[in-house]
Structure formats: C-alpha cells, structure tokens
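# coords below, sequence missing:
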C-alpha cells in the first residue's frame with residue numbers, strides 16, 4: 001500500500017488488522033530453512049558482531065527486540081510484537097518521496113543452543129513476494145557471534161515490477177543498514 005504522507009497510527013492498525021487474515025504471497029513458505037527457490041533473487045549477508053557468551057546473549061536479545069529494524073527510513077509496526085510463529089507485522093518504508101506499507105508474517109522461529117532468530121514471509125499486499133530470515137549464530141569452538149540475513153524475493157506489486165532496479169537498491173540498502181543497526185545494538189544493549 002502506498003501513501004503520499006506518512007500513514008497515521010489508526011491507518012496502520014487497520015492495515016495490520018486486514019493483513020492478519022491475508023495469505024502468503026508465495027508458495028515456498030519456510031524455504032529459508034533450506035535453500036531459496038530458483039525463480040527468486042537471493043540475498044545472503046553475514047556480519048561478525050561479537051565474541052563469547054555475553055555477546056551471544058546480546059545478539060539474541062537484539063533479534064528478539066527487532067533491533068535490526070532500527071533504521072531511519074524503516075519503521076517496524078510494531079517493535080513490541082512477540083517473536084512467535086504466525087505474528088503479523090507491517091513494515092513502513094519511506095523512499096523516493098512517498099511511503100509504502102507492507103505486511104509480513106512470522107513463518108518459523110529458531111531457538112537452538114547456537115542459533116537464534118526467525119523468518120517472516122510476505123503477505124498478499126506486500127510489494128514483494130518472498131521470505132527473509134533474521135538470525136544470529138555462535139561458533140561454539142571460536143566463540144564468534146554472527147548476524148545472518150538470508151532472503152529470497154521477487155516483485156509482487158505492479159509498481160515493484162516496474163521499478164525493479166530501484167527495489168533492488170532498497171533491498172541492498174536495507175541489508176547494509178540492518179547490519180549497522182545490529183552492530184549499534186550490540187554496543188548499547190545491556
């Protein structure tokens with residue numbers, strides 16, 4: 001959904017309520033657990049964000065609290081949404097002089113001794129079609145803590161298809177800014 005001005009909280013709430021009954025915009029739900037479907041564009045980004053158990057706990061809290069979305073041009077609606085399967089969020093993006101509001105639903109949660117995170121999938125009203133996994137991992141031998149961002153996508157909306165090169169620019173910018181947000185969270189989270 002596109003807006004000339006930033007939507008109000010009540011507009012966002014109505015959008016989210018409608019999105020809760022929406023279906024996924026793709027058929028490969030859960031594929032970020034294995035590998036991406038061939039017909040999609042794949043993005044995979046990893047960043048070393050710390051070392052040891054203290055940093056591991058900070059990294060897990062950062063994912064749990066959606067810190068990877070603390071980006072000036074992106075607003076998660078709402079960051080207090082629990083990281084649980086089937087929770088729906090909206091992502092408000094300010095770009096190119098207008099706003100877009102896109103919905104996604106958590107597909108699965110990872111809560112293992114060395115791997116924590118979740119993936120969400122785009123819903124029918126999202127500009128893109130695909131899935132994105134946000135996770136952190138600790139190497140139990142070296143103690144290195146990594147942020148891992150893995151996604152597959154393709155345009156879903158007519159305007160996204162028309163502006164595909166610009167969409168790719170935004171996707172790459174999001175990955176860079178998300179990694180920066182995780183680094184910042186690691187420095188500030190207690």
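Looks like it came in fine. It should be emphasised that the depicted structure is a prediction, and the values quoted were computed from it without experimental measurement. Numbers count the residues shown, from 1 in each chain.

# Ramachandran coordinates for residue 173?
phi -60, psi -40 (degrees, to the nearest 10).

# tally of neighbours for it?
For residue 173, the count of nearby residues is 14 (other Cβ atoms under 10 Å). For glycine as for every other residue, the C-beta is placed from the backbone atoms N, C-alpha and C.

# Okay, buried residues for stretch 101-118 please.
101-110, 116-118 (16 or more other Cβ atoms under 10 Å).

# And for stretch 72-82?
Those buried within stretch 72-82 under the rule 16+ other Cβ under 10 Å are 74-77.

# Distance of whatever residue is furthest in space from the centre of the chain relative to residue 41?
Here the chain reaches farthest from its C-alpha mean at residue 141, the gap being 28.5 Å by Cα atoms, centre = their mean. Distance, residue 141 to residue 41, using Cβ to Cβ, to the nearest Å: 33 Å.

# Tell me the helix or strand right after whichever strand or helix holds residue 109.
Per DSSP states H and E: residue 109 is located in strand 98-112. Once the chain leaves strand 98-112, the next helix or strand it forms, by DSSP H and E, is strand 115-122.

# Report the strands that pair with that following strand, each with its relative direction.
strand 98-112 (antiparallel), strand 128-138 (antiparallel) (DSSP bridges).

# so what's the closest residue to residue 67 other than its chain neighbours up against?
Once flanking residues are discounted, residue 67 sits nearest to residue 185: 3.7 Å by Cβ to Cβ, 6 or more residues apart in numbering. Listed by Cβ atoms under 8 Å, 6 or more residues apart in numbering, the contact partners of residue 185 are 58, 62, 65, 67-68, 70.

# These in helices, which ones?
58, 62 (DSSP state H).

# Count the neighbours of residue 60 for me.
With other Cβ under 10 Å as criterion, residue 60 counts 18.

# could the strands paired with strand 115-122 be laid out in CSV, adding distance to residue 84 and mean pLDDT?
Compiled in CSV, the strands paired with strand 115-122 are given as follows (distance: least, Cβ to Cβ, whole Å; pLDDT from 0 to 100):
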stretch, distance to residue 84, mean pLDDT
strand 98-112, 6, 95
strand 128-138, 14, 96
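
# Any chance of those in a markdown table with distance to residue 171 as columns?
As requested, the strands paired with strand 115-122 are exported to a markdown table (distance: least, Cβ to Cβ, whole Å):
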| stretch | distance to residue 171 |
| --- | --- |
| strand 98-112 | 12 |
| strand 128-138 | 8 |
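
# so residue 180, which of the three states?
helix (DSSP: H, G, I helix; E, B strand; the rest coil).

# Without its sequence neighbours, what residue ends up closest to it?
Here the residue nearest residue 180, using Cβ to Cβ, 6+ apart, is residue 71, at 8.0 Å.

# what sits against the one you found?
Residue 71 touches 174, 177-178, 180-181, counting by Cβ under 8 Å, 6+ apart.

# With residue 51 instead?
142-145.

# Lowest average confidence across helices and strands of the chain, where is it?
Scoring the helices and strands of the chain by mean pLDDT, DSSP states H and E places helix 158-162 at the bottom, with a mean of 71.
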